[in-house]
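Visitor: Turn this into a model:
(chains A and B)
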Amino acid sequence: MPTISFIQPKGGAGKSTSALILAAELAKGAQVMVIDADPNAPIAKWTSRGKGAGNLEIIQAGKDDSIFDLIEDAERKAVFVIVDTEGVADLRAAHTMSASDFVVVPSQGSALDQDNAARAIKLIKDQERHIGRKIPHAVLFTRVNAAIRSRGMATAEKQLAEHGIDVFDTRIIEREAFKAMFSFNTTLDHLNPAEVGGIDKAKTNARAFAREVITRLKSLGQAQKQAVGEA
Amino acid sequence: MDDQNRHDPFGDDDLLEDIAAFEPKKSGREKTRPQEEEVEKIAQARGFDNRAPVSKPVKEALRPLQFRLPASEVEAFHQRAYEEFGMSHGAKISLFRKMWKVYLASLA
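Guide: Here you go, the predicted structure:
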């Protein structure tokens, strides 16, 4: 049912990696369609160069395609639609967020990432006012050092808490296994432990992220049902 | 920090059941589709526009410029560069460029 988009106007924040991690986890239990709206097409290349994954279909958005049409079409075919956007502040990102049921805003916690996450969240708030519905969203810290909590990260967390911005408890840890999904064009489940270290930890991390997304979507669905019942 | 993601073997992990419980949308979102023009107007006010990603300028390849001068002149050049631009890696290049600009301007 839900369309989940990954939006962060700055490149290199881990959008495609976290989108693919989530898509692969959800595809273990339902039909998932990923719309790769990044002209660099990292996920479309991932599937064309590799074997992809069961239940997981990838479509590459053309330059002139309407993201609204693509999302509507995907929603008819798949249970979950995931949209990976380009790391720029463009109109396609704006269209995508207005058509999403949930927006994930990846951030490495750096000042630059935070600035751009704030830009995206401010636009989400503007869109909410315009379209008259909530666009649930949360910041996902990505490429986090497993051992050290940096001062920058602590500041980023504090800022988000001060502004009441939802943040995933799960952080995507900087792991070789996540990079290896793109190097070997496969999922975490099909990586070779002889070639890549830390696969089990990466799988646990991926599962925790998917678990949190599902929990949020379930509570949103319940809230919507409640609202309909009350109306 | 890894501990928070650690699998809890004692807990019930019904993630796959929860995922499978979701259903495709029965009807499209055509009815609730926002007006594209309005979305764009709001986005542009926030600095989101149709600009292409900024491409990095193509850097011209660098080549060394090497020649020999009397040691005292080389020493004086180094000294002047450090005085004017500080003890940094680019001091001598900066002094050379400054002199080159003055030279080009003198020809104009």
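Visitor: chain center to the lengthiest helix in chain B, what's the gap?
Guide: In chain B, with assignment by DSSP state H, the single longest helix is helix B:91-107. Centroid separation for helix B:91-107 versus its chain: 29 Å, with Cα atoms, centre = their mean, to the nearest Å.
Visitor: Check what contacts it and list those residues.
Guide: Residues outside helix B:91-107 that contact it (Cβ atoms under 8 Å, 6 or more residues apart in numbering or on different chains): B:Leu65, B:Phe77, B:His78, B:Arg80, B:Ala81, B:Tyr82, B:Glu84, B:Phe85. For glycine as for every other residue, the C-beta is placed from the backbone atoms N, C-alpha and C.
Visitor: Now with 6 Å, please.
Guide: Helix B:91-107 has contacts (Cβ atoms under 6 Å, 6 or more residues apart in numbering or on different chains) with B:Ala81, B:Tyr82, B:Phe85.
Visitor: of the residues you listed, list those near chain A.
Guide: When Cβ under 6 Å from any Cβ of the partner chain is applied, no member of these is adjacent to chain A.
Visitor: top of the residues you listed by neighbour count?
Guide: Highest neighbour count within the contacts of helix B:91-107, by other Cβ atoms under 10 Å in any protein chain shown: B:Ala81, with 20 neighbours.
Visitor: Now name the helix or strand holding it.
Guide: Here B:Ala81 sits within helix B:71-85, counting by DSSP states H and E.
Visitor: tell me which residues of that helix are tucked away?
Guide: Under the neighbour-count criterion of 16 or more other Cβ atoms under 10 Å in any protein chain shown, helix B:71-85 has B:Ala81 buried.
Visitor: same check, this time on stretch A:182-197
Guide: Buried, per 16+ other Cβ under 10 Å, within stretch A:182-197: A:Phe182, A:Phe184, A:Asn185, A:Thr186, A:Thr187, A:Leu188, A:Leu191, A:Val196.
Visitor: before we move on, back to that, if you average pLDDT over the helix holding B:Ala81, what comes out?
Guide: Across helix B:71-85, the average pLDDT comes to 92.
Visitor: low pLDDT regions in chain A?
Guide: Low-confidence segments of chain A (pLDDT under 70): A:1, A:223-231.
Visitor: quick revisit: helices or strands next to the helix holding B:Ala81 in the packing?
Guide: Secondary-structure packing of helix B:71-85 (3 or more Cβ pairs under 6 Å, 6 or more residues apart in numbering or on different chains; DSSP states H and E): helix B:91-107.
Visitor: So for the helix it packs on, what gets flagged as buried?
Guide: Within helix B:91-107, the residues scored as buried using 16+ other Cβ under 10 Å are B:Ala91, B:Lys92, B:Leu95.
Visitor: One more: stretch A:125-144?
Guide: Buried residues in stretch A:125-144 (16+ other Cβ under 10 Å): A:126-128, A:131, A:135-144.
Visitor: From A:Thr187, how far out is A:Ala177?
Guide: Using Cβ to Cβ, to the nearest Å, we find A:Ala177 at a distance of 10 Å from A:Thr187.
Visitor: scratch that, A:Val196 is what I was asking about
Guide: According to Cβ to Cβ, A:Val196 and A:Thr187 sit 12 Å apart.
Visitor: now the longest helix of chain B against helix B:71-85, angle please.
Guide: 90 degrees (axes from the mean of the first three to the mean of the last three Cα atoms, to 10 degrees).
Visitor: Checking the longest helix belonging to chain A against chain B, do any of its residues make contact.
Guide: The helix that spans the most residues within chain A, counting by DSSP H, is helix A:199-230. Yes: applying Cβ under 6 Å from any Cβ, one finds helix A:199-230 touching chain B at A:Thr204, A:Asn205, A:Ala208, A:Arg211, A:Ile214.
Visitor: Adding neighbour count, write those out as CSV.
Guide: Formatted as CSV, the residues of helix A:199-230 next to chain B follow (neighbours: other Cβ atoms under 10 Å in any protein chain shown):
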residue, neighbour count
A:Thr204, 17
A:Asn205, 26
A:Ala208, 21
A:Arg211, 19
A:Ile214, 23
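Visitor: which of those residues lies closest to A:Lys122?
Guide: A:Ile214 (27.2 Å; Cβ to Cβ).
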